[in-house]
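In: predicted structure and sequence below. I'll ask about it afterward.
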Amino acid sequence: MKNVLNFPNYNTFFLSTKKKVFNGMSRIIAYSKSHFMLKICILVKWLIIEIII
């Protein structure tokens with residue numbers, strides 16, 4: 001029963017962490033001037049999405 005009660009908190013923590021990661025990655029992509037760096041950021045972002053989901 002304790003795990004069931006704690007699950008929503010764990011879920012919202014995960015979502016907020018995901019948002020922070022997305023914001024951070026988006027900032028890096030926005031300020032990145034080189035195309036190579038942009039590709040790396042997109043690849044890392046995709047990998048993080050795959051790992052979290």
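Out: Looks like it came in fine.
In: name the residues of stretch 19-33 that are buried.
Out: residue 25 (16 or more other CB atoms under 10 Å). For the C-beta atoms, the positions are set from N, CA and C on the backbone; glycine is no exception.
In: okay, now the unreliable bits of the protein?
Out: 1-15, 29, 31-35, 53 (pLDDT under 70).
In: which residues in it form strands?
Out: All residues of the chain lie outside strands when identified by DSSP state E.
In: that one: helices as residue ranges?
Out: Secondary structure of the chain (DSSP state H): helices at 2-31, 35-52.
In: list the buried residues in the last one.
Out: Read it as helix 35-52. For helix 35-52, burial by neighbour count (16+ other CB under 10 Å) applies to 41, 45.
In: who are the packing partners of that helix?
Out: Contacts defined by 3 or more CB pairs under 8 Å, 6 or more residues apart in numbering; DSSP states H and E place helix 35-52 against helix 2-31.
In: with just CA atoms, put stretch 44-53 into CSV.
Out: Extracted C-alpha coordinates of stretch 44-53, given in CSV (Å, rounded to 0.1, in the frame of the first residue of the first chain):
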residue,chain,number,x,y,z
VAL,A,44,21.6,12.7,-26.8
LYS,A,45,18.1,14.1,-26.4
TRP,A,46,16.7,11.1,-28.3
LEU,A,47,18.7,8.6,-26.2
ILE,A,48,17.4,10.3,-23.0
ILE,A,49,13.8,10.0,-24.2
GLU,A,50,14.3,6.3,-25.0
ILE,A,51,15.9,5.6,-21.6
ILE,A,52,13.2,7.5,-19.6
ILE,A,53,10.2,6.2,-21.6
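In: thank you, goodbye.
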